[in-house]
Every structure is written in structure tokens, then in C-alpha cells.
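Q: pasted the sequence and its predicted model underneath.
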Amino acid sequence: MYKIILLRHGESVWNQENRFTGWTDVDLSEKGLQEAQSAGEVLKKEGYVLDLAFTSCLKRAIRTLWITLDQMDLMWIPVERHWRLNERHYGALQGLNKAETAKIHGEKQVKIWRRSYDIPPPAVDKSDPRYPGHDRRYKDLDETAIPVTESLKDVVKRFLPLWQESIAPKIQQGKRIIIVAHGNSLRALVKYLDDVPNEEIVQLNIPTGIPLVYELDAQLQPIKHYYLGDEEVIKQAANAVANQGKVK
Ligand SMILES: O=C(O)[C@@H](CO)OP(=O)(O)O
């Protein structure tokens, strides 16, 4: 049996301001820094040991990983940063306030943009500063891989090669791994691992900064999963994420 740790980054400044973030590289808020510290503390307290870490190219995830590893006295372990673990690109919604967007377009439309499986938000134009093609960190990517918007389905598709070629083989070699990523890149992973039906993935909201443990069998089929934390607190945090798209 293998155990892997999934961790959504701590609260970011734009989570706090309730803005669509996507590939925008915003940092952690004060609360987010504390959440990352608590994640490291709980992992250490529960006796988890890690050999290898995967994260995205975005600083809210990278910093969460640093703080978590620091708490565990594991800053020396190898880290692989990959764009395939980035948050879903939110297209032309990036930067907008979620509640104000709901006021303009309706809560139903915002929920479709946020949580439907295959409907992407409106795209950005390639001349838009929010198009990642302008960002040096993605300069080696083929233009066809650089998103102008993404649905969760697109994220599953771009994430899978990393799982199949890098993460899964490392787990099967016995490496104990942590994946520190984002609300929707982790939803993509959960969708794949648990084979969640398209209409059910709409209900899944992953809270910031709480380690989620997946136990996998030899074929990497999930046996069970659980958060490390208080059940009621976790439920409330997931509901708060869901409610970000409501008119305030
Ligand atoms: O804005 C985003 O990039 C994501 C995660 O913070 O938001 P949502 O939960 O609305 O998908």
C-alpha cells in the first residue's frame, strides 16, 4: 500500500480578495502562511516522512511547499516544479471578483465556469498580459500547450502525462511523495484517481492548506482518502470555497 499527500496551497492574497486567480502568480496571505505552517506541523506530528515533492510553477504552491518542508525539517528533499500542476487557467475571468462576476452574469453561470467539467470560462486574447505565452517561465512550451482558458477536462488532460510519466513511477518505486498544487489541479487528480463522474465533480471543493492523504494499492487504485484535520472545520472550509461564487 502506498500513501501520497495532496496539499492545496495556503490562502493566497487573491483568495482573500475573492478574485479569480488561475495562472496569475500571487503570493500567500498572512493566513495562508499560517495554514502552510499548520500543514507541516500536522504532517510531522502524524509521523509522515517524505522523499520527493511535486509542485507547480506558481509561488503560492511553491512557498506552501517550502514552509511545509521547513516544518518537517525536510527542506533537502528533491522538488520537481511543473506547469502541468498549475491552477486551471481562468481565461478572461482572471483578476475579476467572483461575487461581482456573479452579480453581473448570475450565480448559475459562475458555478458553471467554476465547477463544470467541460465548459471553459471565456478565453483571453493572445495579446492580453494574462496570456502565459508572455511569461518567460513558459518559454520552452509548445504554443499549443499554452492555454488561453481551460475547463477541468483540459486540466485533467494536461496533468495526466506528468502523473503517468513522473509521479506514478516514483510512487511505485516506493518514494513517499507530496503534491502541493491548486484547487482545480487537485480536483483534476481526484477526478482521475477516484473516477468521479462528470456531474459529481461539480460538488468537490478542496480547502486551502489541509493535507489530504490518499492510500493507493499496488496498481495505484485508491483504497481510501482522508484529510488530516478536524472534520467540521474541513467541511466549513470546503463550503466557504463553494460560496465564493455567490452574490454577497
Ligand atoms: O481562482 C482560482 O484560480 C481558483 C482557486 O482559487 O478558484 P475557484 O475555487 O473559483 O476555482
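A: Okay, I see it.

Q: count the neighbours of D128 for me.
A: Counted with other C-beta atoms under 10 Å, residues neighbouring D128 total 14. Bear in mind the C-beta positions are built from the backbone N, C-alpha and C, glycine included.

Q: would you say it is within a strand?
A: No. Read with DSSP: H, G, I helix; E, B strand; the rest coil, D128 is coil and lies in no strand.

Q: this structure: strands as residue ranges?
A: For the chain, the strands defined by DSSP state E occupy 2-8, 52-55, 79-81, 177-181, 212-216, 222-227.

Q: quick one: contacts for the most centrally placed residue in the chain?
A: For the chain, the residue nearest the mean C-alpha position is H182 (1.4 Å; C-alpha atoms, centre = their mean). Under the criterion of C-beta atoms under 8 Å, 6 or more residues apart in numbering, the contact list for H182 reads 8-9, 56, 58, 60-61, 85-88.

Q: where does this protein dip in pLDDT?
A: Low-confidence segments of the chain, defined by pLDDT under 70, are absent.

Q: thinking again about what came up before, so which of the strands of the chain is nearest the ligand?
A: Comparing the strands of the chain by their distance to the ligand (C-beta to the nearest ligand atom), the top pick is strand 2-8, with 8.3 Å.

Q: list the contacts of that closest one.
A: Counting by C-beta under 8 Å, 6+ apart, 39, 43, 48, 50, 64-65, 68, 171-172, 174, 176-183, 186, 189-190, 206-218, 220 sit against strand 2-8.

Q: let's see 7 Å
A: 39, 43, 48, 64, 68, 171, 177-183, 186, 189, 206-209, 211-216 (C-beta atoms under 7 Å, 6 or more residues apart in numbering).

Q: wait, does that strand contact the ligand?
A: No. Counting by C-beta under 6 Å from any ligand atom, the ligand has no neighbours in strand 2-8; the shortest distance is 8.3 Å.

Q: so what angle separates the directions of that strand and strand 212-216?
A: Calculated by axes from the mean of the first three to the mean of the last three C-alpha atoms, to 10 degrees, strand 2-8 forms an angle of 150 degrees with strand 212-216.
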